[in-house]
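**Q** pasting the sequence and the predicted model now:
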Amino acid sequence: MNNLTSLVRRDIKIFYRTKGNIFFSLLSVLALVVLHFAIFRQMYTDIWEQMMGDIPGLYVERLHLQWIVDSLMFSAIIPIAAVSIALTTLGLMVADRENNTLSDFLVSPIRRNSLLASYLVSSFIVCFTMLAGLILFFKIYFFVVYGVGFTFVQAVMVLFVTIGAIVFANVFMLLLVSFFKTQQSLSAIGAITGTGIGFISGAYVPIGMFGEVVGNIFSALPFMQITVLSRIAFLYNMREVTPMTHEMLAGEVARSFGIELWLGNRNMPIWSVVLIAGGITLALLVCLMIRFAKMKKAD
C-alpha cells in the first residue's frame, strides 16, 4: 500500500511538473471552446431560433436559446476532456518504458500490479481534479451570463456522469497506451483523439447532420452515450430556465442534437444508455486485464 501511494504521488508530481502537460491535455477542449464562441454559438442559436419559430404559440428569447446551445457544447466537453487528460497522464507509462524506468521498477520489490494500478489511480485523480475545475468554470459562466446555476439534483447527475466518463476514459486509454512503446507514436494519436471524439459526440456538428448510418455507428460508441447522459444532466433544469419543456425537444430534434440516444429507430431510455456504456467499459476492463496478463508472460 505504501508503495502504491508513493508511486501515485510520483506520477501526479511528474504530470504537473512537466511543462505543457496541462496545456496539451486540454488543447482539444480549448480549440472547441474557441470555435464555439467564434462560430458555432451564433450559428446554432440561429438554427434553434428558426426551429422554435416554427412552433405555433411559442416564443423563446434568444438568450434562452443561447443557454441551450452553451449547455450542449459544455456537456460534450466532459467526455472529450476525460479522454484527452487520461491520454496525457497515462502517457507517463510510455515514457517510463521508453526511458527504461519501467524495467527498473519491475526488478525492484514493487509488485507489478501496484505499478500498473499507480498509473490508473494517478490518472483518475488528475482527471477528476481538472474536470472539477472545468465544471466549476461552467457553473460560474452560467451564473454570470444567465443568472442560473446547477440545482442539487443536477449537480449530482453531472458528478456521476463525470465519474463514469473518467472511469471509461482511463480504462480505454490505458488499454490503448499499452500498445505504444514511444512517446512520438503516442503523440500522433493524441493529436487526433480529441478532435475525433468531438465529431463522434456531436460537439462540432450535430449528429443528425451525419445521416442515419453514420449516426447509428456513432451512437453505438460510448463517447456518444456518455455525451447524451451529460447533456441530459446539463439540460435537467430547462423547464425552470426557459419556457420550453423536455417533451418539446423529444423525438427528431433531440435525436439530431444528441440529447437522446437513438439506435436505429429506437429511442433508448436513460437506464439502457447507462447499461450500454457501463457494459462496454466492463468489456474493455476485461480486455485490459487480458492484455496485462500477456505483457506479464512476455516479460
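**A** Yes, it's here. Residues are numbered from 1 along each chain as shown.

**Q** where does pLDDT dip in the stretch 1-150 of the chain?
**A** Residues of the stretch 1-150 of the chain meeting the criterion pLDDT under 70: 1-2, 57, 100-113.

**Q** SS state for Y204?
**A** The three-state assignment at Y204 reads coil, by DSSP: H, G, I helix; E, B strand; the rest coil.

**Q** pLDDT score for T182?
**A** pLDDT for T182: 75.

**Q** cool, the one 3 residues further on as well?
**A** At S185, the predicted lDDT confidence score is 70.

**Q** mind listing the helices for the stretch 151-299 of the chain?
**A** 152-177, 183-200, 212-219, 222-234, 238-241, 246-249, 252-256, 270-298 (DSSP state H, counting those that start in this stretch).

**Q** residue contacts, the residue nearest to the spatial centre of the chain?
**A** Nearest to the mean C-alpha position of the chain, counting by Cα atoms, centre = their mean, stands P79 at 0.6 Å. By Cβ atoms under 8 Å, 6 or more residues apart in numbering, the residues touching P79 are A165, F168, A169, I197, S201, F223, I226, T227, S230. All C-beta spots, glycine's among them, are computed from the backbone N, C-alpha and C.

**Q** just for the stretch 151-299 of the chain, where's the confidence low?
**A** Along the stretch 151-299 of the chain, segments meeting pLDDT under 70 span 188, 191, 295-299.

**Q** how far is stretch 167-185 from where the chain is centred?
**A** 16 Å (Cα atoms, centre = their mean, to the nearest Å).

**Q** buried stuff in it?
**A** Within stretch 167-185, the residues scored as buried using 16 or more other Cβ atoms under 10 Å are 167-178, 180, 183.

**Q** which other residues reach it?
**A** Against stretch 167-185 from outside (Cβ under 8 Å, 6+ apart): 79, 82-83, 85-87, 90-91, 93-95, 97-98, 119-120, 123-124, 127, 186, 189, 222, 226, 277, 280-281, 284-285, 287-288, 291-292, 295.

**Q** related to what we said a few turns ago, save the buried residues of stretch 167-185 as CSV, and put in distance to L27 too.
**A** Listed next are the buried residues of stretch 167-185 as CSV, based on distance: Cβ to Cβ, whole Å:
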residue, distance to L27
V167, 23
F168, 20
A169, 16
N170, 19
V171, 22
F172, 19
M173, 16
L174, 20
L175, 22
L176, 18
V177, 18
S178, 23
F180, 19
Q183, 16
